[in-house]
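K.L.:
got a structure for you, letters missing:
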């Protein structure tokens, strides 16, 4: 049966600066898969775009003092540059607001069909309202403490345990704009009756036995906990308007996945969504699993006119030095930055070779250096270059025919073809890392063959050996196209192959073709180069520490309950601190700058996990933080708004 394929990457939020984690999580795997399908002649489109509505955009626009539409256009352009720089073969890279009325119409029409099918109802709910700002607070405008783990939470999700929250569940909530404690007020919202679809979703997920374990298990775990109805509207203006609730827009989690349909519609392929022979394949990071295995499929079920997703490919996280990517902390590899350091194929190859399919993976410069030098340069680049050098030096730069091939030569070609066919099977099954390894096996076969044959010692064997090697080079020039398209294109150009059609790879190479001008495909990265790259990424500061080192510091907010001078020590004060659930004592050298009376009652920053030590016979259990300028003035680090005792500083 001939299928149509709609390949999607989870929409990156428009405020993000794309980093290697985004490319490992969803963008690059989708590109490799869709490139392969197109090479095979399958009907396939690859769609993506920026997720643009919601509070993060409005918050950032307010910080910059510009209209939110301007912020979206600016950030979308940056992401588009990164996408192009990494050579993603997208059929469209759009945006939920940039798609304009097309997206508004698509979302509103789905809402109306869901409502007509009795999956939408309205009810009055309690929402947090800021009396100072005079508005209901969307989730991202609320910060507080998670009621389940005690971690830092924003209005809809805990940042530590990742549990989805209702804003009214947040403990000690504050408005992020003014710091005011919000009050609860009533407002009418629209709800998606997700609970009605629980049995149908369970059966559908259980039948999708071809899904990766992380996607399937996460979905079933959610269903086992019981699916509750979901609020799909919010009180704000930036978003897709709700037709029957003036002044409200659709929640961003509701409108964003509908963007897949909108973007497909923009390239005149919307009818594919209604075709039972269409396979919709989602690529995403593990944090997006519930939205693609529960929420969006349930929306499609409630609508009743769309084909359900066929595959959900969820990657684990690619991290940097043990922590998540952070531009502000100068931690990580960001797309537009790394493209200035090395060509895209270096990064594409590395990402796919370490793809975090089953567990989180850390990028390390040592591993990157080894992959580039040993695999990309020594295995692949060396084999291609040696083959072309022999063609130029011994065979007048022309591809020889198959005359004189021995059974051993034929076996080498057969072994390479077997690796090629296995790579094809793995690509269809979206086992991309393994598929790349099978493609690289073709180059390994070629290197072992050249080492064994040593054709430079036997001129009579030069032509058949080079012909055999060029058959493998042709396979590589086509099979590598999904992974490292620029390098694959150069290989094909050098040997006169004018197609990247997958099934043409095993056809005999055309004898007599003149090899074009060529050069080494890749360059080795020595230790000096790696250190140079690392410094460019991390800022080149000799005093930088790893994020894992910073994570060891347990900084807390404490209040000074009492203070007194230490007898016999002019500079020391003994401070009794309240951390909420416990008390601590510290000895601090701040007596010249603060009197005991002056410091009592202050909320300060306290290093909790410093090894205790005795000062003047008093055990000091940690350290308080202070700053000192060049003129010797000292100031304690305090907080600028109300926050609970024991709150962790991050």
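P.N.:
Sure thing, it's come through. Only a predicted model underlies this, so the values are computations on that prediction, with no experimental measurement involved. Numbers count the residues shown, from 1 in each chain.

K.L.:
Please count neighbours and contacts with C-alpha atoms only from this point.
P.N.:
OK.

K.L.:
do you know how far the nearest residue to residue 124 once chain neighbours are set aside is from residue 448?
P.N.:
Among residues not flanking residue 124 along the chain, residue 188 sits closest, at 4.1 Å (C-alpha to C-alpha, 6 or more residues apart in numbering). Counting by C-alpha to C-alpha, to the nearest Å, the gap from residue 188 to residue 448 is 71 Å.

K.L.:
okay, those two: which has more neighbours?
P.N.:
Counted by other C-alpha atoms under 10 Å, residue 188 and residue 448 do not tie: residue 188 has more neighbours, with 16 against 12.

K.L.:
my guess is the more buried one contacts residue 121, does it?
P.N.:
No - Residue 188 is beyond contact range of residue 121, at 10.4 Å (criterion: C-alpha atoms under 8 Å).

K.L.:
where's the spatially most distant residue from the centre of the chain, which helix or strand?
P.N.:
The centre of the chain is farthest from one residue, residue 568, which by C-alpha atoms, centre = their mean lies 57.5 Å away. Residue 568 is part of no helix or strand, with elements assigned from DSSP states H and E.

K.L.:
tell me the secondary structure for residue 174?
P.N.:
Secondary structure state of residue 174, per DSSP: H, G, I helix; E, B strand; the rest coil, is strand.

K.L.:
That one: what's it in contact with?
P.N.:
By C-alpha atoms under 8 Å, 6 or more residues apart in numbering, the contact list for residue 174 reads 142, 143, 144, 180, 181, 182.

K.L.:
The closest residue in space to it that isn't next to it in sequence is in what secondary structure piece?
P.N.:
Here the nearest residue to residue 174 in space, its sequence neighbours aside, is residue 181; by C-alpha to C-alpha, 6+ apart that works out to 4.7 Å. According to DSSP H and E, residue 181 maps onto no helix or strand at all.

K.L.:
Could you report the neighbour count for residue 181?
P.N.:
17.

K.L.:
How about residue 533?
P.N.:
Counted with other C-alpha under 10 Å, residue 533 comes out at 18.

K.L.:
That one touches residue 341, doesn't it?
P.N.:
Yes - using C-alpha under 8 Å, residue 533 makes contact with residue 341 at a distance of 6.9 Å.

K.L.:
Quick check: residue 416 touching residue 447?
P.N.:
No - using C-alpha under 8 Å, residue 416 makes no contact with residue 447, being 11.7 Å away.

K.L.:
So for these two, which sits in the more crowded spot?
P.N.:
residue 416 (26 against 21).

K.L.:
check which helix or strand covers that one.
P.N.:
Counting by DSSP H and E, residue 416 is found in helix 407-428.

K.L.:
Could you tell me which residues within that helix count as buried?
P.N.:
Going by neighbour count (16 or more other C-alpha atoms under 10 Å), the buried part of helix 407-428 is 409, 412-413, 415-417, 419-424, 426-427.

K.L.:
Tell me where the model's unsure across the stretch 401-550 of the chain.
P.N.:
Residue ranges of the stretch 401-550 of the chain with pLDDT under 70: 539-549.

K.L.:
Run through the helices of it in chain order.
P.N.:
Along the stretch 401-550 of the chain, the stretches classed as helices by DSSP state H, counting those that start in this stretch are 407-428, 432-453, 459-479, 485-494, 527-538, 547-551.

K.L.:
Show me the one of these that comes nearest residue 136.
P.N.:
Within the helices of the stretch 401-550 of the chain, the stretch nearest residue 136 is helix 547-551; the backing value is 35.1 Å (C-alpha to C-alpha).

K.L.:
thinking again about what came up before, go ahead and confirm the residue nearest to residue 174 touches residue 171.
P.N.:
No - counting by C-alpha under 8 Å, residue 181 does not reach residue 171; the two are 10.6 Å apart.

K.L.:
Spell out the residue ranges of the strands in the stretch 301-450 of the chain.
P.N.:
Counting by DSSP state E, counting those that start in this stretch, the stretch 301-450 of the chain has strands at residues 311-315, 318-320, 361-363.

K.L.:
hmm, who's touching the first one?
P.N.:
Read it as strand 311-315. For strand 311-315, contacts defined as C-alpha under 8 Å, 6+ apart pick out 24-26, 210-212, 214-215, 279-286, 288-289, 292-293, 355-358.

K.L.:
Tell me which entries of these lie within strands.
P.N.:
279, 280, 281, 282, 283, 284, 285 (DSSP state E).

K.L.:
Just name the closest of those residues to residue 59, please.
P.N.:
Among these, residue 285 lies closest to residue 59 (C-alpha to C-alpha), at 24.4 Å.

K.L.:
and the gap between the closest one and residue 559?
P.N.:
41 Å.
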